[in-house]
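J.: Fold the following.
(one chain, ligands or ions: 1)
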Amino acid sequence: MIPDEDFVQIQGVPGPTKEEVRCLVMCKARIASNDTVVDVGCGSGGLTLESARKARKVIALDKNPEALELTRQNLQKHGLTPKVQLVEGDALEVLEGIESFDTFLVGGSSGDLPFIIKQGYEKLNKHGRIVVTSILLETRVEAVDTLKELGMTPDVVEVTIAKGKITERGTMMLGRNPITIISAVK
Ligand SMILES: C[S@@+](CC[C@H](N)C(=O)[O-])C[C@H]1O[C@@H](n2cnc3c(N)ncnc32)[C@H](O)[C@@H]1O
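T.: Numbering: from 1, shown residues only. Predicted coordinates for the structure are as follows:
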């Protein structure tokens with residue numbers, strides 16, 4: 001995984017998914033070398049870059065042009081630009097024009113999560129994976145309910161990472177917000 005501090009960050013765009021959480025998302029995404037990945041809400045590019053290291057092709061989309069620009073800078077910094085297509089727009093509009101894919105990552109939805117999941121499911125190849133990363137209580141429930149509605153069996157993992165901070169007196173464990181990773185296979 002790429003260390004958190006190796007990402008370019010700017011004010012106004014959420015920082016990358018933390019390294020330890022990226023690790024779990026990638027584990028659930030099970031990306032193969034010939035796969036096409038769609039990353040909805042690419043933000044700083046945390047999951048886009050990790051996917052680009054594994055997949056044949058990644059389509060990263062975000063409705064915030066600043067986020068897309070930041071992802072572009074991070075791709076360039078890590079030499080991963082050629083594998084990634086950056087698309088600006090709301091997922092609900094952009095997904096319609098995208099061809100089928102193998103892995104569908106959702107890290108941002110602005111209240112439209114059920115519709116985004118359903119639209120992604122339509123384009124998802126057989127045995128493809130959907131992985132939703134959620135910090136809000138409501139989106140966890142929406143994700144689980146929508147995946148069940150689609151006939152899938154969601155796998156739900158919640159993690160709370162505590163990261164050690166080295167101080168003069170010892171290592172202080174600092175807790176981070178819980179994150180839920182909801183995934184399912186078509
Ligand atoms: C928490 S950030 C994602 C962080 C990213 N996974 C990373 O590791 O850097 C969520 C992003 O989703 C985007 N977003 C939210 N709703 C969206 C939508 N409906 N369509 C496209 N992008 C969306 C936001 O603009 C924001 O950049």
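
J.: ok, L124 touching I98?
T.: No: using Cβ atoms under 8 Å as the test, L124 is too far from I98 to be in contact (10.9 Å). Bear in mind the C-beta positions are built from the backbone N, C-alpha and C, glycine included.

J.: more neighbours, these two?
T.: L124 (23 against 17; other Cβ atoms under 10 Å).

J.: How much space separates that one from D102?
T.: Distance of L124 to D102, computed by Cβ to Cβ, to the nearest Å: 7 Å.

J.: Equivalent analysis for Q73, please.
T.: 26 Å.

J.: wait, what's in contact with the residue of the chain found nearest the ligand?
T.: Closest residue of the chain to the ligand, Cβ to the nearest ligand atom: G108 (1.9 Å). Taking Cβ atoms under 8 Å, 6 or more residues apart in numbering, we find G108 in contact with V40, G41, G43, D62.

J.: Filter these down to the ones in strands?
T.: Mapping those onto strands (DSSP state E) picks out V40, D62.

J.: So which of Q73 and D102 has more stuff around it?
T.: D102 (23 against 17).

J.: Pull up the pairing partners for the longest strand seen in the chain, direction included.
T.: The longest strand of the chain (DSSP E) is strand 124-134. Under the criterion DSSP bridges, strand 124-134 sits next to strand 101-106 (parallel), strand 179-185 (antiparallel) in its sheet.

J.: May I see the buried residues of whatever helix or strand comes next after that strand?
T.: Remark: after strand 124-134, the chain's next helix or strand is helix 137-149, criterion DSSP states H and E. Of all the residues in helix 137-149, those buried under the rule 16 or more other Cβ atoms under 10 Å are T139, R140, E142, A143, V144, T146, L147.

J.: Quick check: closest non-adjacent residue to the fifth one.
T.: Take V144 and drop its neighbours on the chain: the residue closest to it by Cβ to Cβ, 6 or more residues apart in numbering is P154, 5.0 Å away.

J.: ok, that neighbour to D90 distance?
T.: Per Cβ to Cβ, P154 is found 24 Å from D90.

J.: Have a look at these two and say which one is more surrounded.
T.: The residue with more neighbours, out of P154 and D90, is P154; 18 against 15, by other Cβ under 10 Å.

J.: Next up, the contacts around the more buried one.
T.: Neighbour list for P154: A143, V144, L147, K148, I182, S183, A184 [criterion: Cβ under 8 Å, 6+ apart].

J.: Alright, I will stop here.
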